[in-house]
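Participant: how would this look folded up:
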Amino acid sequence: MVSRIVYKILIGIFIWIGVGFTSTFTVIDKLERKITVEVPVKRAIIAITPELIPALDIWNQVVGVSDWAEKTCSVYKAFVFNKLKAKKPTVGTGTNLNVEAILKLNPDIVITWSYNTEVIRFLEERGVKVIAIWPESISELYEVIRLHGKLFGKEKRAEELIKEMENLFNLIRLRVAKIPYEKRKKVLHLGGKPTTVSGKLGVTHDVIELIGGINVGAEINERNAEVSIERIIKWNPEVIFIWGGAGYDENQLYNNSQWKFIKAVRNQQIYKLPRWSTWSPRLAPIALYMAIKVYPQIFQDINFEEKIDNFYKKNFGVSYYVVKKYERY
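Facilitator: Sure thing, here's the model as predicted:
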């Protein structure tokens, strides 16, 4: 069983090289593998966390990204499509990495998720160092951000990102703390299919609890699980969120007769989330968006776009209104 305590730095040794110095450290990744790297990393492939490239300002240390960066990451697209930064070569997707493309780029490290262990093993056999990640809580996400900070010599900047995220989270926590448990709303988060739900494990569950919701899927001790429509009807959620990358929207649920008995459907409280990564600083704006939808009365004084524009400028160095042009829903 993979430990939930991951991304732990085991060894740090400073070594003088020429007129400067470098250091090495060993990290335990999500697959409990020990990887020793020289930092700061100069040639990295970021296959799963492209939003951390502008957030940490590591453009010059990244030699490749996944296809997802150009196809779905609006923050990355805002920079490269506006020619503020040069495009990076692509190496397939996080679920289907192009090994040949990776080998041609000769990276110091590849950062990807822990999903495709066969590709990770194949790359390792060819001398490519790979760090596998999969944060399953907000605290683990913070450790992933700190890991990137350590890898690229951006430790201070990583802490600044976490602080800004906490500022938004604390705004939410302070307001929802006043809601009695019996008045907290039942929330359901749906994945790639309308019957795929978020369970007790994972970042999404943490966010639902943080915004003062009751995750009806929490009785399932998994990240995601397929359930019957009868089970969803029995849960009777008051608010439903749909994963931003899903191939369906709220209208398909509103127009489905099987869903008409659910409170969220009757009250028109189904919301498709923006297609933002939950493995980046944008988890905090996602949480605020969800909190406003679940409890609009206690956030009625918040101008979401104005608040998020300020967040984007501080954390990505670009306006939300610029990024918004590249959103895909």
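
Participant: just the pLDDT for the most centrally placed residue in the chain.
Facilitator: Most central in the chain under CA atoms, centre = their mean is Trp279, positioned 1.7 Å from the mean C-alpha point. For Trp279, the pLDDT comes out at 91.

Participant: Val75 now?
Facilitator: 96.

Participant: in a strand, it, correct?
Facilitator: No - counting by DSSP: H, G, I helix; E, B strand; the rest coil, Val75 is not found in a strand; it is helix.

Participant: what about it, how many neighbours?
Facilitator: Number of residues near Val75 (other CB atoms under 10 Å) recorded here: 27. The C-beta positions use only the backbone N, C-alpha and C, and glycine is treated the same way.

Participant: next: Ala246.
Facilitator: Neighbours around Ala246, by other CB under 10 Å: 17.

Participant: run through the residues that contact it.
Facilitator: Residues counted as contacts of Ala246 (CB atoms under 8 Å, 6 or more residues apart in numbering) are 190-193, 272.

Participant: by neighbours, which of those residues wins?
Facilitator: Ranked by the number of neighbours (other CB under 10 Å), the contacts of Ala246 place Leu190 first, at 24 neighbours.

Participant: and it, its phi and psi?
Facilitator: Dihedral pair for Leu190: phi -100, psi 150, per degrees, to the nearest 10.

Participant: which residue is the nearest non-sequential neighbour of it?
Facilitator: The shortest distance from Leu190 to any non-neighbouring residue, by CB to CB, 6 or more residues apart in numbering, is to Ile242 (5.0 Å).

Participant: how close does the one you found sit to Gly202?
Facilitator: In this view, Ile242 and Gly202 are 16 Å apart by CB to CB, to the nearest Å.

Participant: again, but for Glu32
Facilitator: Following CB to CB, the distance that separates Glu32 from Gly202 is 19 Å.

Participant: these two - which one has more neighbours?
Facilitator: For Glu32 versus Gly202, neighbours defined as other CB under 10 Å are more numerous around Gly202 (19 against 12).

Participant: buried residues in the longest helix along the chain, which are they?
Facilitator: Across the chain, the helix with the greatest residue count (assigned by DSSP state H) is helix 155-176. For helix 155-176, a neighbour-count test (16 or more other CB atoms under 10 Å) marks 157-158, 160-162, 164-165, 168-169, 171-172, 175-176 as buried.

Participant: what about the residue lying closest to Ala47 once chain neighbours are set aside, which SS state?
Facilitator: Nearest residue to Ala47 in three dimensions, chain neighbours excluded: Thr112, at 3.9 Å (CB to CB, 6+ apart). Under the three-state scheme (three-state DSSP), Thr112 adopts strand.

Participant: if I look at Thr112, how far off is Thr278?
Facilitator: 16 Å.

Participant: now swap in Ile292 and tell me
Facilitator: Distance of Ile292 to Thr278, computed by CB to CB: 17 Å.

Participant: same thing with Cys73?
Facilitator: According to CB to CB, Cys73 and Thr278 sit 13 Å apart.

Participant: more neighbours: which of the two?
Facilitator: Set Cys73 next to Thr278 and count neighbours by other CB under 10 Å: Cys73 wins out with 27 against 19.
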